[in-house]
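>>> Give me a 3D structure for the following:
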Amino acid sequence: MPSAQPVAQPIPPVPQPVAPPPQPGPPVGPPQPLPPVAPPQPQPVAQPQPNPQPQPQWHLQQQPQQPVPPQRAEPDWDALADRNEADGKRRRRMRVIGVVAAVAVVGGLAAGGVLLFKGKKEDGPPKAVNSVQPTVTPSVSGTPGGEPADPSKPIWEATTDPAPQDAGALFSALQVTINGATWNRTVVALDSPCWDGNSTTGGLGKVLGDQGCQQVLRATYVSGDSAVTVGVAVFDHRIQAETATKNFTGQLKGAPAAGSPAFCAAAGCTGTHSSLGRYAYFTVEGSAKGGNAPDATATAAAPGFVEHVKGQLLKRAKAASSAAPGVQGTPPAASAG
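Numbering: from 1, shown residues only. Below is the predicted model:
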């Protein structure tokens, strides 16, 4: 079956422009010249643009890092407070200890001063002292304050030591052993007054006489060619004997046996000096052959003779104490109140 053909549609007519109606103008006259036409202006040619310069890159220099100060730790105030309190307690404790020690020292000095005064009172005439007497406490040794008794006190002064002076009795030992050697007594002597030339030399007689020396007892002991003379000067009081010993000068004079050469009659020999109670005692050491030269054996024996003489004086003190029971070397105990 034949296909249907499209029916051609009629093309509508294109509208034509219609000229506008003429406008009324000025009156028609001769033609006016046209205004000059401006020549065409040349167009500027675009100039090639230069390549843009690269902009400088500003590099920031890295600044050196400054050291960061360490952070200060916050102090432990509680710990500081505790430590300060502990220090304060320690200082207070030390102050208390110092005060106690000072009190103890002052107490000891006061006690020593009282004892010194008591000793001085016994040495010489009584002296008035404005002080409070300390309380006397019981003592196991029988002396105030527990002081040991001085065994030489009975011979501190002549009034408590009335026995006669006898060189033979004082130096009663006929032999004395010292340093393993035997020393034999050869002579005893009692000289009065105590002037130089009798029993002393070199100014010792004047020192003894200035303190009221009454007499000098001597004895000589010999061992081989060595000789030692011991001597005891007698005073009225202990202070005189101590003063003479402190002012010592010169020497004891050697006492030779009958028919023996003189020895240590002048300076040159060795000697010793000391005191006990109201007695000052001396030694002089030299050669039994005579002269004034020192002798090594006799000099070495001197300390032994010093102890021997001291022992003899203590025996005399003991005898004086037994003869006078009221003189015991210690004052009677103070009564309470």
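>>> contacts and neighbour counts: CA atoms only from here.
Will do.
>>> what's the neighbour count on residue 245?
Counted by other CA atoms under 10 Å, the residues lying close to residue 245 total 20.
>>> Check it and give its pLDDT.
You'll see residue 245 listed with a pLDDT of 96.
>>> residues contacting it?
Residue 245 makes contact with 273, 274, 275, 280, according to CA atoms under 8 Å, 6 or more residues apart in numbering.
>>> Remind me which helix or strand it belongs to.
helix 238-246 (DSSP states H and E).
>>> Residue 281 is in contact with residue 274, correct?
Yes - between residue 274 and residue 281 there is a contact at 5.5 Å, judged by CA atoms under 8 Å.
>>> Wait, residue 157 touches residue 236, no?
Yes - using CA under 8 Å, residue 157 and residue 236 qualify as a contacting pair, with a distance of 5.5 Å.
>>> shared neighbours, those two?
Common neighbours of residue 157 and residue 236 (CA under 8 Å, 6+ apart) are residue 278.
>>> residues in contact with residue 234?
213, 214, 215, 216, 241, 278, 279, 280.
>>> out of those residues, which one sits closest to residue 301?
For the contacts of residue 234, the closest approach to residue 301 (CA to CA) belongs to residue 280, at 19.2 Å.
>>> what's the spacing between that closest one and residue 288?
25 Å (CA to CA, to the nearest Å).
>>> Ok, residue 194 next?
The value you get for residue 194 to residue 288, if CA to CA is used, is 24 Å.
>>> what do you get for residue 168?
Relative to residue 288, and taking CA to CA, residue 168 is found at 21 Å.
>>> More neighbours: which of those two?
It is residue 288, of residue 168 and residue 288, that has more neighbours when counted by other CA under 10 Å, with 25 against 16.
>>> so that one makes contact with residue 221?
No - in this structure, residue 288 is not within contact of residue 221 by CA under 8 Å, at 9.5 Å.
>>> Now for the two: what residues contact both?
With CA under 8 Å, 6+ apart as the test, residue 288 and residue 221 both reach residue 227.
>>> rewinding a little: out of the contacts of residue 234, who's nearest residue 253?
residue 216 (10.7 Å).
>>> what's the pLDDT at the closest one?
Residue 216 is given a pLDDT of 96.
>>> what helices or strands is whichever helix or strand it is part of leaning on?
Element membership for residue 216 (DSSP H and E) is strand 215-223. Other helices and strands packing on strand 215-223, by 3 or more CA pairs under 8 Å, 6 or more residues apart in numbering; DSSP states H and E, are helix 167-170, strand 181-191, strand 226-234.
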